[in-house]
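Peer 1: Take a look and give me a structure for this.
(2 chains)
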Amino acid sequence: MKLTHNHPPRFANFILKWILFREEFNEKSGDLEEVYYYLCDDIGIFKTKLWYWWQIVVAIPVFISNTIYWSSAMLKNYVKIAFRNLRKHKGYSFINIAGLAIGMACFILMVLYVINEFSYDKFHENYDRICRVIRKYEASSNRPESLIGRTPAPLAPTIVKEFPEVVNGTRVGEVNGTLRLNNKSFIEKGIFTDESFFEIFNFDLITGQKKTVLAAPFSMVITETLAKKYFKTENPIGKILNFSKQLNVQRSNSISESYDVKITGVIRDVPQNSHIQFDYILSFITLASTPGSMTRLEEWGRSSFYNYIELVPGVFYAELHERLAEYSPRFRGTDPGKYILQPLSDIHWETKLLDEMPGNIINDKKYLYLFSTIAFIILIVACINYMNLATARFSRRTKEIGLRKVVGARKAQLIKQFIGESIFLSVISSFLAVLLVSLVLPYFNAFIAGSIQLNWFENPISVAFLLGMVLLVGIVAGSYPALFLAAFQPVTILKGNVEKTTHGSGLRNALVVLQFSISICLITGTLVVSDQLDFVRTKDVGYDREHVVVIPLRDDQARQNTNVIIQELVKNPTIEMVSGSDYIPLEKNNVHYVKYINDAGEQKGIDVFTSSIGYDFFEVYKLHLVKGRNFSRNFETDERSAVILNETAVQLAGWSEPVGKVIDDLGNRVIGVVKDFHQSSLHEKIDPMAFFLSPADYTFLSARIVPGDIPSTIQILKKTIEKYSPNIVFEYYFQDEYFNNKYKADERFGRAFGYGSALAIFIACLGVFGLASFATERRKKEIAIRKVLGASVSNIVRNLSKEFLISIIVANIFAWPVAYFVMNKWLQNFAYRISIDVWPFVLSAILALIVAFITVGFLSIKAASANPVDSLQHG
Amino acid sequence: MKLLSRAEEIMLLTILKLDDNAYGVSIRKQIYMDTGDMWSFASIYTPLDKLTRKKFVTKIKGEPTAARGGKSKYMYQITRDGKKALLEIQKTHSQIWAGIPKFALD
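Peer 2: Modelled structure (predicted):
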């Protein structure tokens, strides 16, 4: 008997209806209900309800296996159809796959690059507790805020002693030295550091004990590569090398020493993503034992080292910052600089230190964002491409869709089918993409000056990432066409109302416009960047850098004989003039804060960059003096107390008549003013410089040579120098090459833009190609009729291309303001820059038009030349 | 040809026995009477659906009845293919069991 207020659990029925039984719910649930009522009478309502639920629970695993079975049943069909479609339209499929593959490859490379950049210095275990102590000078009326990296030697140990939050500290000083073994000698880059170095930083010691390798003076730890270079397969431990070095010096008295060092350990090569780069390490304590060393380990007056400290876990930078700032006066006396902390994670990024470690290739986060954006854009363009092409292509399958719907396919199933197809394509593209990446990687590594390894399957994260990307691209790119198609009404399709397939063309055109906007943006960007780089290369920098050979002298003997060498060199007709300097010519060396009395009689101070040069230095570089006189052998006092400033320095000092004025406490007197020149790249404003005279013992020779037979002139240089210094390793470089190197980052940027725009426009082309061919297909009959009625091929071509022309013009309207804005921002990086012209925009618009024209033109000509009989007869 | 599974075989035989009156509840009751086990509805419907797919059984929608509140129920009938499958499994069964004496199973 049925009780009207007793029924099977509603929720259970809900599950039955929507999940388990679906269409067969009515019939099957009736069976269950029958038993339910029977059981209620038999064992009671409560137990029956339990029984009911139990039935459902048991049914669930069965349901799951059933669904899988059924889904896989259709899978065979879907795969078959997918393959069939691929083969039927090989051309389109290939375009789609190629586009996606390129987009993915770009994206993968970008991700690899970004990961590599962010991995800098992270291989140190205590990475997030290490920081560098640097000096900060607040902005004042005389000087902008400046950050200086080098600090005095006793800083780190003192901080460790005084601050309980600091658990360890080390100092690092860089050095370029010549290592000599028997008669082999090479110049290598290395560092001086103490035992704590290995405690703070994780550089793997292959042989040797961390605690003892740097304990004794004259000990050296070398890298694997160096060990192989000098000792081949022998064990280098215990062997002796001769080391002669020259520390960065200030003025005159080139300091160089030479002594034997014992190898006490070997470390693994320093990875590329470390900001400290070196090939060997010398024990710090050596510096205490060397005679005539300018770096006394207890001296607070000289700042020649980079100091790093390690904090106790859990300490906040802010607190330590405060306390360090308070203690600074104690360390620095009257110098207004404060000590601040620079976390290890920041060092690789743009830090605006005036004297950064040369091994640290600073990378601006801005570039990172830019490259990532470009790659992302390319991927998006590729996806858009796919969407467009897929939508256009699928419209040819409307009959298939209609039929499927009629025999009972649900909308969800259709969507699944199409998304499945696009995932399938995506997978194929990803294989291609991986192949592309492997091929391109060596070039990419060279491009970004990095060494990225491809470990596809080592890292589970990378596998997951790849899979995720493939799935995401497949789903996202396939979603639009899938949804678009699943919405078709079977009736309209089967009736043959193909006109309905123009549905969505508005969005398709919009996507093409977007693609072209992006391409135009990128092309414009490339043109502007190359303009600026050109400007930078050709702008008058105030000195003549052509035909100047610079020779670094790392050998004592050479340095002592520079005057004789110079005399002999100038006797040669091919060598016009030679001079010397104590540091890389025209580079700022050290920065000094000098006090002086300005025109109003007040005591002021400015930062100047100093440089020690020889006689005739300005002549070699054709720098002109605007006031006063040059260093001259006629004036003996020049050697000790003369200084030449550049115009900027004079301007900063505020002197109207600088000649004769005294700067700093040592009584140096201004004897002349040299015309401003760009000693650094055009990124920065010209700095105030002060030049001192160094009479002899130069570390660098600058020789102006006569253009012509350069190799033989180099030979003369080589022979002469070797004559006076037989042990020297002769090296040289050209000043103009050196100058161009400064723009490496910008060139890279320009090239990235170039590649990016080439790729984007290639993909946009593919897109237009696909769409245009679809459009011409669709309008086959229309074209045929037009032809029959008398239209010429050119008429038809014009007709067909009109659509796309408008798209391109609209694309320009969007692209121009964006390109302008972005370029403006980039140009702000340069203190000296071009103003953005109209012509890059016009040129890129024209280029886009031409490219689109060619693509559409080719297709429309093909369509227009088709025999109308064929088109009309077979439909 | 693939052999019927045990459950499928039992189901087909039950439907055969029930002649025209085979539907979810009656099949379940019959199996209980024959084997002593009360099968869950899931384990009834699964083999039933499989058999339907394999075309050994036809599913017919019955008349809506008042007893079910206006809903109809599915009636199942064995097909010729189903009968063939039963014959085959019977043959296989006797061939495999042939010659195995009782004491071998002690």
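
Peer 1: What residues sit buried inside the longest helix anywhere in chain B?
Peer 2: Using DSSP state H to assign secondary structure, the helix with the most residues in chain B is helix B:80-97. Across helix B:80-97, burial judged by 16 or more other CB atoms under 10 Å in any protein chain shown covers B:Gly82, B:Ala85, B:Leu86, B:Ile89. Using the backbone N, CA and C atoms, a C-beta is placed for each residue, glycine as well.

Peer 1: Equivalent analysis for stretch A:616-634, please.
Peer 2: A:Asp616, A:Phe617, A:Phe618, A:Val620, A:Tyr621, A:Leu623, A:Lys627, A:Gly628, A:Asn630, A:Phe631.

Peer 1: what about it, start to end distance?
Peer 2: Across stretch A:616-634, the terminal residues are separated by 13 Å (CA to CA, to the nearest Å).

Peer 1: coming back round to it: among the buried residues of stretch A:616-634, which lie within strands?
Peer 2: Using DSSP state E, the subset of the buried residues of stretch A:616-634 located in strands is A:Lys627, A:Gly628.

Peer 1: Looking at the buried residues of stretch A:616-634, spot the one nearest A:Arg778.
Peer 2: Using CB to CB, the shortest approach to A:Arg778 within those belongs to A:Tyr621, at 68.7 Å.

Peer 1: And the pLDDT for that closest one?
Peer 2: A:Tyr621 carries a pLDDT score of 86 in this model.

Peer 1: quick one: stretch A:270-278 to chain centroid distance?
Peer 2: Here the centre of stretch A:270-278 is set off from its chain's centre by 16 Å, with CA atoms, centre = their mean, to the nearest Å.

Peer 1: What mean pLDDT does that stretch get?
Peer 2: What stretch A:270-278 shows for mean pLDDT is 82.

Peer 1: Also stretch A:732-742?
Peer 2: The average pLDDT within stretch A:732-742 is 75.

Peer 1: what ranges of chain B fall below the confidence cut-off?
Peer 2: Under the criterion pLDDT under 70, the flagged ranges of chain B are B:1, B:66-70.

Peer 1: all helices for it, in order.
Peer 2: When secondary structure is read from DSSP H, chain B shows helices at B:6-18, B:24-35, B:41-53, B:80-97.

Peer 1: Show me what the shortest one packs onto, helices and strands only.
Peer 2: Right, helix B:24-35. If contacts are counted by 3 or more CB pairs under 8 Å, 6 or more residues apart in numbering or on different chains; DSSP states H and E, helix B:24-35 sits against helix A:25-43, helix B:6-18, helix B:41-53.

Peer 1: Give me the residue at the spatial middle of chain A.
Peer 2: For chain A, the residue lying nearest the average C-alpha position, counting by CA atoms, centre = their mean, turns out to be A:Leu368 (4.6 Å).

Peer 1: excluding its backbone neighbours, what's nearest A:Tyr120?
Peer 2: In space, and not counting its chain neighbours, A:Tyr120 is closest to A:His348: 4.0 Å by CB to CB, 6 or more residues apart in numbering or on different chains.

Peer 1: ditto for A:Ala215
Peer 2: Excluding its sequence neighbours, the residue lying closest to A:Ala215 (CB to CB, 6+ apart) is A:Glu195, at 6.1 Å.

Peer 1: contacting residues around that neighbour?
Peer 2: For A:Glu195, the set of contacting residues under the criterion of CB atoms under 8 Å, 6 or more residues apart in numbering or on different chains consists of A:Lys210, A:Lys211, A:Val213, A:Leu214, A:Ala215.

Peer 1: Quick check: the gap between it and A:Ser304.
Peer 2: The spacing between A:Glu195 and A:Ser304, counted by CB to CB, to the nearest Å, is 19 Å.

Peer 1: now do A:Ile419
Peer 2: As judged by CB to CB, A:Ile419 and A:Ser304 stand 64 Å apart.

Peer 1: now do the same end-to-end measure for stretch A:181-200.
Peer 2: End-to-end distance for stretch A:181-200: 31 Å, by CA to CA.

Peer 1: What residues sit buried inside it?
Peer 2: Going through stretch A:181-200 with 16+ other CB under 10 Å, the ones that come out buried are A:185, A:188, A:190-200.

Peer 1: between those, which is nearest B:Tyr76?
Peer 2: Nearest to B:Tyr76, judged by CB to CB, of those is A:Ile200 at 79.5 Å.

Peer 1: Sweet, I'm off.
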